[in-house]
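Q: A structural model of the following input is requested.
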Amino acid sequence: MTAASKSKFTTHSLHALGVACGLAAATWLAAAEAPTKLVTAGFSPFLISLGMVAGVFVARWTVPVALKGTGYVLADLREKPHLIVWAVIAGMLWAVGNTLTVFAVRNVGLSIAFPLWNINSLVGVFWGWLLFRELRGSGWGKVVGGAVAIVAGACVLAYATAQQSGPRPPGGAALGIVAALSAGLMFGTMYIPYRKAYISGMNPLSFVTIFTFGELSMVFGLAVGLDGGLHNVMAGLSAARPALFWLFLGGFCWVVGDLFQNYAAKYIGIARGIPLSNTNQLWGLAWGILVFGELAGEGASAHLLVFAGSIVMIAGAAAISSAEASEDEQSSWRIATERECHRYGLDFDRVAASLMGEDPLSRERPARHWWEVLIGAGATAIFVWLAVIAKHQAVPVSLPWMAVFIAITLVALAGCGLLLWKRTGFS
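A: Model (predicted):
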């Protein structure tokens with residue numbers, strides 16, 4: 001195999017890996033939003049968001065430690081300290097977006113809110129093109145067409161929401177729509193630090209470890225500032241202890257999905273990886289309708305509009321993600337990488353190797369430490385304790401359908417995790 005053929009094969013295999021990561025992310029990100037249905041049981045949206053982020057905080061420390069070790073993560077951060085502040089900013093943007101999704105689910109339901117906040121794919125396409133030289137060269141037509149389809153699908157879903165009947169929480173459907181669209185803006189902007197980190201050669205596992213400090217501090221501040229003060233928040237957490245296991249579990253699912261999404265963003269860019277992971281709207285629709293019985297009392301026209309809007313949006317995301325980067329675009333990516341390396345004094349060859357799926361830092365064999373066992377044991381103990389005190393919540397679910405979706409997420413984890421480990425060693 002010639003050098004040119006080998007390079008082409010490597011690029012194609014990384015594109016396929018990025019697509020697989022995006023699809024796996026979709027299943028886990030959808031499962032992560034299921035616990036937000038607890039808002040219908042009377043819990044505050046701020047409390048639900050805080051509970052999920054607490055679960056995220058626990059999981060974010062455990063998964064990177066298990067896969068790479070603290071020595072690896074610390075060495076990666078020391079090598080690229082300028083990215084620490086970007087990771088914190090990304091976490092803060094996510095915290096605001098996640099809180100808004102809870103309001104959206106409360107007011108318009110999971111099956112409607114999911115596709116609306118997935119306009120983050122449009123935002124991601126724009127930032128990828130503007131800041132990181134993605135979509136430069138051939139293939140941009142698919143992306144533009146996909147973006148138009150996503151907007152059209154969102155409009156159909158917004159119209160379907162307005163047709164629903166029945167009592168509404170404060171603010172009604174309008175507040176739910178605004179919350180979902182605003183969450184999409186937050187999530188889409190959050191990917192700027194993601195891409196900046198990966199064209200600088202940082203491992204996604206290192207990035208998300210710091211990310212969690214931004215999200216936890218921001219969501220705690222939102223809860224204290226907007227939900228009655230510290231005393232009210234602590235009282236709410238105490239009263240919600242029987243339900244915290246489900247929120248922590250949702251946070252754990254989000255961590256797994258976000259890691260896959262990060263790897264997709266690293267290997268195929270945010271303009272492609274984010275729309276692909278946004279097929280989680282199909283899974284969110286399935287969770288909402290089949291597990292939680294949403295739209296059960298609506299007429300045929302509402303069902304038709306919801307399904308039509310979702311299909312249009314999914315088709316748009318598929319068109320965007322299927323456009324493999326051309327040689328011209330890959331050259332533009334290299335320019336963006338060289339810019340970051342020059343700005344922060346990074347080794348270009350080392351960064352380029354990381355973007356091709358290699359792991360230069362692993363060759364230096366960062367040390368594993370004894371306390372990593374304690375971190376894993378502590379995180380497991382927290383989940384076990386919360387599971388023991390957990391109680392059934394007043395949210396109707398279909399257990400058979402829930403079992404089906406859980407099985408799908410586990411298969412996606414095993415399959416894509418194995419591919420990622422074999423191809424990159426979780427680089």
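Q: identify the residue nearest the geometric centre of this protein.
A: Closest to where the C-alpha atoms of the chain average out (Cα atoms, centre = their mean) is residue 258, at 3.8 Å.
Q: which element, helix or strand, includes it?
A: Assigned by DSSP states H and E, residue 258 belongs to helix 241-268.
Q: just the C-alphas of the helix or strand harbouring residue 147, formatted as PDB.
A: Here residue 147 sits within helix 140-163, counting by DSSP H and E. Extracted in PDB, the C-alpha atoms of helix 140-163 (Å, rounded to 0.1, in the frame of the first residue of the first chain):
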ATOM      1  CA  TRP A 140     -20.700  21.900   1.500                       C
ATOM      2  CA  GLY A 141     -24.000  21.400  -0.400                       C
ATOM      3  CA  LYS A 142     -25.000  18.500   1.700                       C
ATOM      4  CA  VAL A 143     -24.400  20.500   4.800                       C
ATOM      5  CA  VAL A 144     -26.400  23.500   3.700                       C
ATOM      6  CA  GLY A 145     -29.300  21.200   2.600                       C
ATOM      7  CA  GLY A 146     -29.200  19.400   5.900                       C
ATOM      8  CA  ALA A 147     -29.200  22.600   7.800                       C
ATOM      9  CA  VAL A 148     -32.300  23.800   5.900                       C
ATOM     10  CA  ALA A 149     -34.000  20.500   6.700                       C
ATOM     11  CA  ILE A 150     -33.200  20.800  10.400                       C
ATOM     12  CA  VAL A 151     -34.800  24.300  10.500                       C
ATOM     13  CA  ALA A 152     -37.900  23.000   8.600                       C
ATOM     14  CA  GLY A 153     -38.300  20.100  10.900                       C
ATOM     15  CA  ALA A 154     -38.000  22.300  14.000                       C
ATOM     16  CA  CYS A 155     -40.800  24.600  12.600                       C
ATOM     17  CA  VAL A 156     -43.000  21.600  12.000                       C
ATOM     18  CA  LEU A 157     -42.500  20.400  15.600                       C
ATOM     19  CA  ALA A 158     -43.100  23.800  17.000                       C
ATOM     20  CA  TYR A 159     -46.400  24.000  15.100                       C
ATOM     21  CA  ALA A 160     -47.300  20.500  16.400                       C
ATOM     22  CA  THR A 161     -46.700  21.600  19.900                       C
ATOM     23  CA  ALA A 162     -49.100  24.500  19.500                       C
ATOM     24  CA  GLN A 163     -51.800  22.100  18.500                       C
END
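Q: so what touches it?
A: Contact with helix 140-163 is made by 108, 112, 115-116, 118-119, 121-122, 125, 135, 173, 176-177, 181, 271, 275, 298, 301-302, 305-306, 308-323, as judged by Cβ atoms under 8 Å, 6 or more residues apart in numbering. For the C-beta atoms, the positions are set from N, CA and C on the backbone; glycine is no exception.
Q: now list the buried members of the residues you listed.
A: 108, 112, 115-116, 118-119, 121-122, 125, 135, 173, 176-177, 181, 271, 275, 298, 302, 305-306, 309-310, 312-317, 319-323 (16 or more other Cβ atoms under 10 Å).
Q: phi and psi next, for residue 369.
A: Dihedral pair for residue 369: phi -130, psi 150, per degrees, to the nearest 10.
Q: state the number of residues packed around residue 378.
A: By the criterion of other Cβ atoms under 10 Å, residue 378 has 13 neighbours.
Q: right, I mislabeled it, should have said residue 266
A: Taking other Cβ under 10 Å as the criterion, the count of residues near residue 266 is 29.
Q: list the contacts for it?
A: Residues counted as contacts of residue 266 (Cβ under 8 Å, 6+ apart) are 18, 198, 204, 273, 355.
Q: most neighbours out of those residues, which is it?
A: Counting neighbours by other Cβ under 10 Å, residue 273 comes out on top of the contacts of residue 266 with 31 neighbours.
Q: was I right about it contacting residue 260?
A: No - counting by Cβ atoms under 8 Å, residue 273 does not reach residue 260; the two are 9.5 Å apart.
Q: shared neighbours of the two, anything?
A: Common neighbours of residue 273 and residue 260 (Cβ under 8 Å, 6+ apart) are 21, 22.
Q: in stretch 340-360, what's buried?
A: So for stretch 340-360, counting by 16+ other Cβ under 10 Å, buried means 340, 341, 346, 351, 352, 353, 354, 355, 357, 359, 360.
Q: what of stretch 402-414?
A: In terms of neighbour count (16+ other Cβ under 10 Å), stretch 402-414 has its buried residues at 402, 405, 408, 409, 412, 413.
Q: need these in a markdown table (columns: secondary structure, pLDDT and distance to residue 129).
A: Compiled in a markdown table, these are given as follows (DSSP: H, G, I helix; E, B strand; the rest coil; pLDDT from 0 to 100; distance: Cβ to Cβ, whole Å):
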| residue | secondary structure | pLDDT | distance to residue 129 |
| --- | --- | --- | --- |
| 402 | helix | 89 | 39 |
| 405 | helix | 92 | 34 |
| 408 | helix | 93 | 33 |
| 409 | helix | 94 | 32 |
| 412 | helix | 94 | 29 |
| 413 | helix | 94 | 31 |
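Q: pick the one among the residues you listed closest to residue 334.
A: Proximity of the buried residues of stretch 402-414 to residue 334 (Cβ to Cβ) peaks at residue 412, which lies at 31.6 Å.
Q: surely that closest one meets residue 28?
A: Yes - between residue 412 and residue 28 there is a contact under Cβ under 8 Å: 7.0 Å.
Q: could you count how many residues lie near residue 159?
A: Neighbourhood size, residue 159 [other Cβ under 10 Å]: 12.
Q: residues contacting residue 257?
A: 24, 25, 26, 27, 28, 29, 30, 31, 32, 277, 280.
Q: skip the chain neighbours and tell me the closest residue to it.
A: Closest residue in space to residue 257, ignoring its immediate chain neighbours: residue 28 at 3.1 Å, by Cβ to Cβ, 6 or more residues apart in numbering.
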